[in-house]
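> Here is a sequence together with a model predicted from it:
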Amino acid sequence: MATNPEPRFEPCGGDAWRNPFAMYRALRDRDPVHHVTDNGEGEDYWVLSRFQHVFDAAVDAATFSSAQGLTFHYDEMGKLGLESPIVMMDPPDHTSLRKLAIKRFTPQQVRALEPMIRNFVVERVERLREAGQGDVVAELLKPLPSLVVAHFLGVPPEDRSLFDRWTSSIVDASAEGDVLSAGAAVGEMVGYFGGLMEKRKASPGEDMISALVHGKLKGGEVVSPAKILGMGFTMVTGGNDTITGMLGGALEALTHHLDQRALLIEDPGRIPGAVEELLRVTTPVQGLARTVTRDVELEGVRIPEGRKVMLLYGSANRDPREFGPSAEACDVTRKIRRHVAFSYGPHHCIGAAAARLQGQIALEELLLRCPEFSVDSAAGEYAPGPFVRRFRSLPFASKGVAG
């Protein structure tokens, strides 16, 4: 990629995810409110790349609406033929449903996951260490968040293999912006969760499905099965992408920057702060779209009402205007006031604390048990799709010590 390219946004995917950062830099510096004239279907959209613009848009749900979908394509909901999932709802409906769901994501409930997560991570890291090599995505980075999401949704252990298969298909399709391409998996999961909802009506548990089945929205109405299914799909896609993408990018960064790794080995107490920095520099969900509900003017550019606007989280999180001149470098000691890896405002990820815990435990155990690990990012394969930047496979080599 040219060192000083013309500011032009081109959706990434697959191998193009190796380095979108020069493109982001050009947009931030020279065209921060960028107009794309054709989304592939003859319709235009706009791209915001600076931190403050992206942050302000994420917070202002009244102006930057999620209700028309999160990609740069129009009529998403009509194509899906489904009731809006929570990520495609605006306040106050969004707020009412979120309050019910978030009851299962209290700090105490998230902390209670630590033994389950740590046991799983230790088992998988030891397998990699003993083998000396393997695909770290297949062994650890993909099954770990699937385990946690299944726990929150109340999927019993005997059904986890089915859930993992559905999750894999749906997450891959969602990353490409086309959930319908996973039609078989979607149909099977819809049927499964329909049965699970009936079970939870009769025998509630501590999971999110139980909270929604027995909860009441503002005004006293029950939560529809369609809304519960939408929440399940949101958990499956968002809950898996973030941790898989962050940890893949983290292992790549710690392979290339041994000084940063040494700081974490020397003082594991730095790892929670490092997770924030690694979330910032990796930003697994690189961008999602909103629809403006009125004419908006930014930097002297007018965005007309009803047009899609892409919020480039991946660019915003590397903006020197927010993070200083070293914004594009990984510094595990950086003190971060805020970032948009989990978005912000009404749509801030409800599973953020669980994602942070997974990242922290995975890094603790990898650095303890395989302190001299390496990943071959050049041989790694990125997932397709223009919204999520994550490795689909990543070769791992270990020179670890005995656990």
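Thanks, I have the structure now.

> Spatially central residue for this structure, please.
Relative to the mean C-alpha position of the chain, the nearest C-alpha, by CA atoms, centre = their mean, is the one of T242, at 3.1 Å.

> ok, V136 touching F396?
Yes. Under the criterion of CB atoms under 8 Å, V136 makes contact with F396 at 3.8 Å. In this view, the C-beta of every residue, glycine as well, is placed from N, C-alpha and C.

> can you list residues touching both of these two?
128, 251, 375 (CB atoms under 8 Å, 6 or more residues apart in numbering).

> roughly how far apart are the second one and E139?
Using CB to CB, to the nearest Å, one obtains 12 Å as the distance from L251 to E139.

> Could you do the last one as well?
The gap separating V375 from E139 is 12 Å, by CB to CB.

> how many neighbours does D93 have?
15 (other CB atoms under 10 Å).

> how about the nearest residue to it, chain neighbours excluded?
Once flanking residues are discounted, D93 sits nearest to L217: 8.0 Å by CB to CB, 6 or more residues apart in numbering.

> K199: which of the shared contacts of V136 and F396 is nearest?
L128 (36.2 Å; CB to CB).

> Report the contact partners of the residue nearest to D93.
L217 neighbours (CB under 8 Å, 6+ apart): 93, 96-97, 100, 223.

> Just the C-alphas of stretch 27-42, formatted as PDB.
What follows is stretch 27-42, C-alpha atoms only, in PDB (Å, rounded to 0.1, in the frame of the first residue of the first chain):
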ATOM      1  CA  LEU A  27      -8.900   9.500   5.700                       C
ATOM      2  CA  ARG A  28      -8.400  11.000   9.200                       C
ATOM      3  CA  ASP A  29      -5.900  13.500   8.000                       C
ATOM      4  CA  ARG A  30      -7.400  14.600   4.700                       C
ATOM      5  CA  ASP A  31     -11.000  13.600   4.300                       C
ATOM      6  CA  PRO A  32     -12.500  12.800   7.800                       C
ATOM      7  CA  VAL A  33     -16.100  13.000   6.500                       C
ATOM      8  CA  HIS A  34     -15.600  10.800   3.400                       C
ATOM      9  CA  HIS A  35     -18.300  10.300   0.800                       C
ATOM     10  CA  VAL A  36     -18.500   6.800  -0.900                       C
ATOM     11  CA  THR A  37     -20.700   7.200  -4.000                       C
ATOM     12  CA  ASP A  38     -21.400   3.500  -4.500                       C
ATOM     13  CA  ASN A  39     -21.900   0.700  -1.900                       C
ATOM     14  CA  GLY A  40     -22.000  -1.900  -4.600                       C
ATOM     15  CA  GLU A  41     -25.700  -1.500  -5.100                       C
ATOM     16  CA  GLY A  42     -25.700   2.000  -6.600                       C
END
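
> tell me the mean pLDDT for that stretch?
Taken as a whole, stretch 27-42 has an average pLDDT of 95.

> Could I get the buried residue list for that stretch?
For stretch 27-42, a neighbour-count test (16 or more other CB atoms under 10 Å) marks 27-28, 31-34, 36, 39 as buried.

> Next: stretch 374-392.
For stretch 374-392, a neighbour-count test (16+ other CB under 10 Å) marks 374-375, 377, 380, 382-392 as buried.

> ditto for stretch 155-165
Buried, per 16+ other CB under 10 Å, within stretch 155-165: 155, 160, 163-164.

> So which of those sit within helices?
Counting by DSSP state H, the buried residues of stretch 155-165 place 160, 163-164 in helices.

> can you tell me which of those lies nearest to V190?
Of those, the one sitting nearest to V190 (CB to CB) turns out to be F163, at 13.0 Å.

> So the closest residue to L366 other than its chain neighbours: helix, strand or coil?
Setting aside the residues directly before and after it, L366 is nearest to V125 in space (CB to CB, 6+ apart), at 5.8 Å. Look at V125: counting by DSSP: H, G, I helix; E, B strand; the rest coil, its state is helix.
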